[in-house]
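A.B. asks: dropping the sequence and predicted coords here.
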Amino acid sequence: MEGKFRAYLICALFVVGCIACGGDSDDDADRQPTQPSTSGGGGEVIQITVDYAAEEAAILEVFTLHAEGIGTKNPDEFMPYWLRSESEDVFVAWDFWAGAFEKHLGWQAIKKGWDGIFRLRSGKMSVEIESIAINKTGKNATLRGRYQWAVSGGLIASMVKKDRKEGWKIQQVDYTNEKFGKQVDELKDPAYVNPPPEAEQE
């Protein structure tokens, strides 16, 4: 009798042990989400694939629509293309006012700055993009080009894509062609550049 009891006890412990360890089965592992770890505790890394040609087209569209909106003198037509933030990292720099340098920091200040400039200048604005660079995640970009408005000149801009639904937003624009120093920092080691550097064309 005592032998049977021991046998039952051993079987019961074996079954309980199997149930307790069952969560580590291969089937359970297959059901775990594959996401990068943010806590430093490991995890699988997701390979990011960026369609740079599509991102470039989207950036050019936003910047072109922004310029067309300026021609309307209606902030509702062009301010939605800006990153809505009061951070000093969001700014516009220009010398439209009698050649004097101005820099407006934050979304509200940029909007007021345009209102002031429209008292002096108006008309259709067009832009011609000469080069564009995008980082490896497809979330940051810089571009260089020229604009034609009441005056004309060179520009450099920084753009970000913080939200996939909202798409690309303008973060910074310098319309002075860097006459008053470097205002916009260009991307370091971009993953995509158009046109490509001459060294890569050879």
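C.D. replies: Nice, thanks for sending it over. Not measured: the values here are computed from a predicted model.
A.B. asks: count of residues packed around residue 154?
C.D. replies: The tally of other residues near residue 154 (other Cβ atoms under 10 Å) stands at 15. Any C-beta I mention is one placed from the backbone N, CA and C, and that applies to glycine too.
A.B. asks: and the next helix or strand past whichever strand or helix holds it?
C.D. replies: Taking DSSP states H and E as the definition, one finds residue 154 inside strand 152-163. Where DSSP H and E defines the elements, the next helix or strand beyond strand 152-163 is strand 167-174.
A.B. asks: show me what counts as buried in that next one.
C.D. replies: Neighbour counts using 16 or more other Cβ atoms under 10 Å place 168-174 of strand 167-174 among the buried residues.
A.B. asks: I'd like those laid out as TSV, including distance to residue 117 and pLDDT.
C.D. replies: As requested, the buried residues of strand 167-174 are exported to TSV (distance: Cβ to Cβ, whole Å; pLDDT from 0 to 100):
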residue	distance to residue 117	pLDDT
168	24	98
169	21	98
170	16	98
171	19	98
172	17	98
173	13	98
174	15	98
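A.B. asks: pick the one among those closest to residue 193.
C.D. replies: For these, the residue nearest residue 193 by Cβ to Cβ is residue 168; the value is 17.1 Å.
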